[in-house]
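structure for this input, please:
(2 chains)
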Amino acid sequence: MKFIKTTWKNIRRSPYQAFAAIMIMALTFLTISFFTILLLGSSKIINFFESKPQATAFFKSEAKQSDMDGLRASLESSGKIASAKFVSKEEALKIYREQNKNDPLLLDLVTADILPSSLEISTVKIDDLVGVSEILKASPIVQEVIFQKDVVATLTSWTNALRTIGVVLIIVLSLVSVFIMVTIIGIKISQKKEDIEIMKLIGATSWHIRWPFIYEGIFYGIVGAIIGWIVSSAVLLYATPFLSSFLKGISLFPVPLLFFVGLLGLELLLAVILGAVSSFLAVLRYLK
Amino acid sequence: MIKLDKVSKKFGTGVFGLSNISFNVDKGEFVFLVGPSGSGKTTIFRLLIREILPTGGTIVINDWDIVGLPKAKISHLRKKVGVIFQDLKLLMDRTIFENVMLPLEVAEVELEEAKKKVNDVLAQVGLASHKEKFPVQLSGGELQRTAIARALVLSPDIILADEATGNLDMANSWDIIKLLSDINEKGTTIVMATHNLDIIKNLPKRIIEMDKGNIAKDSKLPKEKKDVKIDNSHHSHHYKTPDIQEQKSDTIKEEKK
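I've put the predicted structure just below:
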C-alpha cells in the first residue's frame, strides 16, 4: 500500500512524463487490439470458406456407382477429408430446379440424365486441397474437377501477410514502448537521485527503492492497455452494422462479449509484463 | 560497541583519508571527534555506515563486522545507526513530519505507530509546532533538530552527528549539544564530529582529536567526570567547566611511547 502511495505521488509530480508513457502504451495496445481483431476475424472468414465444399468432382455419365463409392471411400481413408458428399443425378436436378425455379424455360430443357452426379469435398487443411483434386483428376471416372482454391488461397495469403505485418508491428511497437518507458522512468530516477541516496543512507533496501518505479511502469502499462482496448472495442462496435452487411452469411457479428473480456484480460497481462520489464530495465540501468 | 582497529582509507586520488587509526567507543559514551576539515572525521562516519570500505583494518559495531558485512545487511546496519549528516540531507519537498517519518517508512513500521513515534520525537526536539512546515520555512537550528529527530526516530543504539553545529551560532550550537546530551543520557551512544573545539573543550566528554587522517589525541574521562550533567542553560559559558585537557588522557602518542 505504501509503495502504491509513493507510486501515485511520483506520477502526480511529473504528469507530462506520465502522459507520454501512457500514450505510447495506449498506441501499442491499440495496434495489438486491431491486429488481434483483424486476425481472428479473417481466420473466421477462412474457416467459413473452408467449411464450404471446396472441390466438386463431376463424374462421367458411364461411371458406375460402385466405382464412385470406391473413390469416395479411398479419399475418406486418407484422413485429409473433412467431408465428402455424393450428389446423385436426381439430387443434382433438384438443386438445379431450386436454383432456377424462377426460369421455367431452363427447367423444361433439363432432365436428370444430362446432369452429372458429383462428389463435393472439403479437406481438413486447405493445403491438402491441391493433392486431393489431383487424385480426383487422375481418376478415369471423373469428367471434371472444380474447386474454389483460389478464393481460400487468396484469403490465406492475405491473412498470412496480415499476421506477419501485425506481429512485426507489435514487436516493433512493444520495443519502442519499452525503450520510451525505460527512458521516462530513467529520467524520474535521475530526478529523485538525491532522495534515493538519502533513503539508502537511512537504511532503505534496494527493493524498497525499486518497487515504486516498477509499480509505476505497471501502472502505465495497465492504463495504456485499457485505453487501447476501449478505443478498439468502440471502433469495432461502431463498424459492426456495416461489417455485418458486408460479410453477410459469415457468423462474425455481433462479436460476443466473451471476446472483449478475453482481449482485455490478455492485454492486461501483457501490459503488466511490458510495464514491469521496462521499469525493471530502467531500475537496473539507473539504480546501480 | 564501536571498535576501529588499524583502519586506513586511501581514496582513488591517492590521498589518505585515514592512516592506520584505532579507537573504541563504549556503550552509552558521548565522544567528540574534533579536527580541521579534511582531518578524516567524515571518512570515519562514512566507514561506520558502510558508505565506503576501508583500505585496511577492521571495524566492528555491536559484534557486526562492518567490512565483511554482506550487502543485503547494510540496510539493517543503517537502521541501527542514526546519522545526522553534515549537509543534513533533508528532502526539501516533504514536510518536517514526512522527513522524520522517512526512516519509519523504510523500516516498514505500521502507520499509526509510526505517526505516534514521529510526534513523540518531534516533541522531544521541540519541533512539534513546526511539523507541517517544509524545510525552507525553518531556521538553521530547527533544521538541525529535524535531522536529529530523523536520526532518533528509529531509537538507534548509536547516533553519528557530523558537524551537527556546523553553521549555527553559539546559542543554537549549545542547544543542539544539550539535546544530544539528553539523548545520550537515555543510553544512546553518540559520536559527534565538529571542527569547533571552542564550543566543546570545556564539556565533560571524551574528545578524539584528528589531524590529517591520524588521531592526534584521545582524551578519555574518568568515570566521575563523565557523569557530570550539562547545565540546562542555553550558553556554554554558564557551564562550570572541568578542564578536560588536564585530565589523564591516553593519547595515541602516549601509546606509542
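
in the stretch 151-257 of chain B, where is pLDDT below threshold?
The model of the stretch 151-257 of chain B has pLDDT under 70 over residues B:221-257.

all helices of it, in order?
Shown for the stretch 151-257 of chain B, the helices assigned by DSSP state H, counting those that start in this stretch span residues B:170-185, B:197-200, B:223-226, B:252-256.

packing partners for the second one?
By that I understand helix B:197-200. Packing contacts for helix B:197-200, counted by 3 or more C-beta pairs under 8 Å, 6 or more residues apart in numbering or on different chains; DSSP states H and E, involve strand B:30-34, helix B:170-185, strand B:206-211. From N, CA and C alone the C-beta is placed, and that goes for glycine too.

also the first one?
Other helices and strands packing on helix B:170-185, by 3+ C-beta pairs under 8 Å, 6+ apart, are strand B:30-34, helix B:140-152, strand B:158-162, strand B:189-194, helix B:197-200.

which parts of that helix are buried?
B:N172, B:S173, B:W174, B:D175, B:I176, B:I177, B:K178, B:L179, B:L180, B:S181, B:I183, B:N184 (16 or more other C-beta atoms under 10 Å in any protein chain shown).

got the angle between that helix and strand B:189-194?
Counting by axes from the mean of the first three to the mean of the last three C-alpha atoms, to 10 degrees, helix B:170-185 lies at 160 degrees to strand B:189-194.

in three-state terms, label the residue of the stretch 101-250 of chain A found nearest chain B for me.
The stretch 101-250 of chain A approaches chain B most closely through A:G203 (3.6 Å), counting by C-beta to the nearest C-beta. Of the three states, A:G203 takes coil according to DSSP: H, G, I helix; E, B strand; the rest coil.

let me see the contact set for it.
Residues in contact with A:G203 (C-beta atoms under 8 Å, 6 or more residues apart in numbering or on different chains) are B:S75, B:H76, B:L77, B:R78, B:K79, B:P103, B:V106, B:A107, B:L154.

what does stretch A:58-68 rub up against?
With contact meaning C-beta under 8 Å, 6+ apart, stretch A:58-68 is reached by A:F86, A:D113, A:P116, A:S117, A:S118, A:L119, A:I141, A:V142, A:Q143, A:E144, A:V145, A:I146.

near chain B, which of the residues you listed show up?
Among these, not one lies near chain B by C-beta under 8 Å from any C-beta of the partner chain.

now a ChimeraX select for only the buried ones of those.
This is how ChimeraX selects the buried members of the contacts of stretch A:58-68, with burial counted by 16+ other C-beta under 10 Å:
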select /A:116,117,118,119,142,145
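
nearest to A:L105 among the contacts of stretch A:58-68?
A:D113 (18.5 Å; C-beta to C-beta).

quick check: closest non-adjacent residue to that closest one.
A:K89 (7.0 Å; C-beta to C-beta, 6 or more residues apart in numbering or on different chains).

over to A:I46?
Nearest residue to A:I46, sequence neighbours excluded (C-beta to C-beta, 6+ apart): A:L155, at 5.2 Å.

which strand or helix spans that neighbour?
Per DSSP states H and E, A:L155 falls inside helix A:149-191.

cool, and A:G262?
helix A:257-286.

is that helix anywhere near chain B?
No. On the criterion C-beta under 8 Å from any C-beta, helix A:257-286 is out of touch with chain B, staying 15.5 Å away.

hmm, back to that, any quick PyMOL command for the buried ones out of the contacts of A:G203?
Of these, the buried ones can be selected in PyMOL as follows, counting by 16+ other C-beta under 10 Å:
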select buried, chain B and resi 75+77+78+79+103+106+107+154
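
so can I have CSV of the contacts of A:G203 showing secondary structure and distance to A:A225?
Putting the contacts of A:G203 into CSV (DSSP: H, G, I helix; E, B strand; the rest coil; distance: C-beta to C-beta, whole Å) gives the following:
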residue, secondary structure, distance to A:A225
B:S75, helix, 34
B:H76, helix, 39
B:L77, helix, 42
B:R78, helix, 39
B:K79, helix, 38
B:P103, helix, 37
B:V106, helix, 32
B:A107, coil, 35
B:L154, coil, 40
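
chain A next: which of the contacts of A:G203 are close?
Answer for those near chain A (C-beta under 8 Å from any C-beta): B:S75, B:H76, B:L77, B:R78, B:K79, B:P103, B:V106, B:A107, B:L154.

wait, which of these is closest to B:L168?
B:P103 (23.1 Å).

adding distance to A:S279, write the ones next to chain A among the contacts of A:G203 out as a markdown table.
Listed next are these as a markdown table, based on distance: C-beta to C-beta, whole Å:
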| residue | distance to A:S279 |
| --- | --- |
| B:S75 | 21 |
| B:H76 | 26 |
| B:L77 | 28 |
| B:R78 | 25 |
| B:K79 | 26 |
| B:P103 | 25 |
| B:V106 | 20 |
| B:A107 | 24 |
| B:L154 | 29 |
